[in-house]
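Student: sequence? don't have it. structure:
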């Protein structure tokens, strides 16, 4: 709907999406967030502080690797998945099955994300106005 509204107003728009492996569907995944935000930063040529998300991404992947190594039945299921991707929906990892020394970071509410996006766009417009003056 946002893209259609932008197009109707003569504004450019694009849509980005990322997916997580189906076996991590129930696990907050900072790796996916990092990938999307890195793409946004590159497209808009705006640096974003993504260091913590990158560290959280690595920590999650380490936890997944450890969990897979410690659960032979899970490792076998993932090997079957690699051989037959159509079985992806049959393989799930519950968050509690992943080792964790600390709880996953809380994601901001959608209202917070929208407010931050609006602030960022307002600042971007101010910068454009100032550079044209």
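Tutor: Sure thing, it's come through. Note that the structure is a prediction, hence the values are computed from the model and not measured.
Student: okay, which residue is most central for this structure?
Tutor: With distances taken as CA atoms, centre = their mean, residue 33 lies nearest the centre of the chain, 2.0 Å away.
Student: What does it show for phi and psi?
Tutor: phi -60, psi -40 (degrees, to the nearest 10).
Student: roughly how far apart are residue 38 and residue 75?
Tutor: 30 Å (CB to CB, to the nearest Å). Any C-beta I mention is one placed from the backbone N, CA and C, and that applies to glycine too.
Student: actually residue 129, not the one I wrote
Tutor: Residue 129 is 56 Å from residue 75, by CB to CB.
Student: Looking at those two, which has the bigger crowd around it?
Tutor: Higher neighbour count among residue 129 and residue 75: residue 75, with 13 against 9, using other CB atoms under 10 Å.
Student: Packing partners of the host helix or strand of the more buried one?
Tutor: Element membership for residue 75, per DSSP states H and E: helix 72-83. With contacts defined as 3 or more CB pairs under 8 Å, 6 or more residues apart in numbering; DSSP states H and E, the packing partners of helix 72-83 are helix 51-70.
Student: name the helices or strands packed onto the helix it packs on?
Tutor: Helices and strands touching helix 51-70, by 3+ CB pairs under 8 Å, 6+ apart, are helix 30-44, helix 72-83.
Student: highest average neighbour count across those?
Tutor: For the helices and strands packed on helix 51-70, the largest average neighbour count (mean count of other CB atoms under 10 Å) is found in helix 30-44, namely a mean of 16.
Student: what's the angle from that one to helix 51-70?
Tutor: 150 degrees (axes from the mean of the first three to the mean of the last three CA atoms, to 10 degrees).
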